[in-house]
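**Q** Just a sequence and a predicted model for now, questions to come.
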Amino acid sequence: MNDLNRGRQRPSIYDVAKQAGVSHMTVSRVLNGHPNIRDSTRGRVLQAIDEMNYTRSSIARALATRRAMRIGVLVDAPLQYGPNSTLRALEGAARQVGYAISAFSISDDEQSQINDGVVELVTQGVDALCVIAPRASSLDILRQQSTGLPTIVVKAEQDDVWHSVAVDQRAGATLAVTHLIERGHRSVLHLSGPLDWYDAREREGGWRDALALAGLPIPKSISGDWTSDFGYAIGRDFEPNGVTAVFAANDQMALGFVHGLWEQGLRVPQDISVVGFDDLPDARHFLPPLTTVRQEFAALGELALQQIIAAIDGDAHVQHDMIEPKLIVRSSTARPSA
């Protein structure tokens, strides 16, 4: 057995490229039947596949189906919990069925790189694109691209052009606010995320829906930036003025808000009930443990992959599928004290 294959059952496309003395892009072009490949180069790649005993692998399937068995993923704001968790869930789901992931990340101050990311992923010979696109501005840039590849978008709002999947953000926010209303709260403030984000807009919409359905006043929301520091700044100077509960658009802002309240002597939940969104792994260890909305990212990754494969197989029907979130009740919420 070749040393490269020893101890590994599933060498990657990069291993094949190294064995053949070519780039991974060249291997991808061979797998996709690209005509502008020298016969000698094509032969070296195929020989490398054979020498690595990879006949039952994803590369063998790629040769049979003319696919690279690779999905390109463009990730906007990858450091945020939602986009990062979605990417990891998609990677896990893809790995289970023999697909690999190539990801290109766009940070908050690099939206101009979206075009570069699309070009890089397409030149790798991917079978489809998945766009984890939390911001409307990023998707507006992407709409100007024409790749010819099946494209799936992970975002909360429906799209008329692309397949899309998402956790139902509006339903999750409605669950959170309804929980507070059922506890007897009649004035619920919302700390929203930045409203360029689809998730933030849907969560604010769910907050409004729940208050309107209950016939309660809808105060002006406070738009934040997802960070604990923002929540802390609001909590430190917070004057309730009749507000008995706060729905924060994510757990990090909720954490900072609770900290700020504590510094000025207000208690959670005795003085103010607080609900977050996401169910961070540490949310159950906040003081007090945080009532929040859990997003099932593993299910989201599997659903996104199903749509991607269906699109690769030729399903042109544009559809929008949702994963239902779940309310997790802990001790940061209680009935109002007065």
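**A** Arrived safely, thanks for sending.
**Q** pretty sure residue 206 is touching residue 167, no?
**A** No. The criterion here is C-beta atoms under 8 Å, and residue 206 misses it with residue 167 at 11.9 Å. Placement of C-beta: from N, CA and C, glycine included.
**Q** Contacts only, for residue 217.
**A** 187, 211 (C-beta atoms under 8 Å, 6 or more residues apart in numbering).
**Q** Would you tell me what helix or strand residue 45 is located in?
**A** helix 39-51 (DSSP states H and E).
**Q** Any idea how far that helix is from the middle of the chain?
**A** Distance of helix 39-51 from the chain centroid (C-alpha atoms, centre = their mean, to the nearest Å) equals 38 Å.
**Q** Now do the buried residues in it.
**A** 41-42, 44-46, 48-49 (16 or more other C-beta atoms under 10 Å).
**Q** now the helices for this protein?
**A** Secondary structure of the chain, counting by DSSP state H: helices at 13-20, 24-31, 39-51, 58-65, 81-96, 114-123, 136-142, 169-182, 198-213, 228-236, 251-263, 297-312.
**Q** since we're on residue 337, how many residues are nearby?
**A** By the measure other C-beta atoms under 10 Å, the count of residues near residue 337 is 11.
**Q** Tell me how far it lies from residue 234.
**A** 21 Å (C-beta to C-beta, to the nearest Å).
**Q** so what's the nearest residue to residue 46 once chain neighbours are set aside up against?
**A** Nearest residue to residue 46 in three dimensions, chain neighbours excluded: residue 30, at 7.2 Å (C-beta to C-beta, 6 or more residues apart in numbering). By C-beta under 8 Å, 6+ apart, the contact set of residue 30 is 37, 41-42, 45-46.
**Q** can you put those residues in CSV and add pLDDT and distance to residue 171?
**A** Output for these, formatted as CSV (pLDDT from 0 to 100; distance: C-beta to C-beta, whole Å):
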residue, pLDDT, distance to residue 171
37, 81, 50
41, 90, 52
42, 86, 51
45, 85, 48
46, 84, 50
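**Q** could you dump those residues to JSON lines with distance to residue 211?
**A** Formatted as JSON lines, these follow (distance: C-beta to C-beta, whole Å):
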{"residue": "37", "distance to residue 211": "61"}
{"residue": "41", "distance to residue 211": "64"}
{"residue": "42", "distance to residue 211": "64"}
{"residue": "45", "distance to residue 211": "61"}
{"residue": "46", "distance to residue 211": "64"}
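**Q** Relative to residue 120, which of these is nearest.
**A** residue 37 (20.1 Å; C-beta to C-beta).
**Q** was I right about the closest one contacting residue 26?
**A** Yes. At 7.1 Å, residue 37 counts as touching residue 26 under the criterion of C-beta under 8 Å.
**Q** So for the two, which sits in the more crowded spot?
**A** Between residue 37 and residue 26, residue 26 has the larger neighbour count (other C-beta under 10 Å), namely 21 against 16.
**Q** I'd like the distance between that one and residue 41.
**A** 7 Å.
**Q** shared neighbours of those two, which are they?
**A** By C-beta under 8 Å, 6+ apart, the residues touching both residue 26 and residue 41 are residue 20.
**Q** low-confidence ranges in the stretch 1-150 of the chain?
**A** Low-confidence segments of the stretch 1-150 of the chain (pLDDT under 70): 1-13, 24-25, 28-29, 31-35, 53-68, 108-112.
**Q** Go again with 80.
**A** 1-15, 24-36, 49-68, 97, 107-115, 133-134, 141-142, 144-148 (pLDDT under 80).
**Q** How about residue 105: what's its closest non-neighbour residue?
**A** Using C-beta to C-beta, 6+ apart, the closest residue to residue 105 is residue 78 (4.2 Å).
**Q** surely the one you found meets residue 113?
**A** No. Residue 78 is not in contact with residue 113 according to C-beta under 8 Å; the separation is 12.0 Å.
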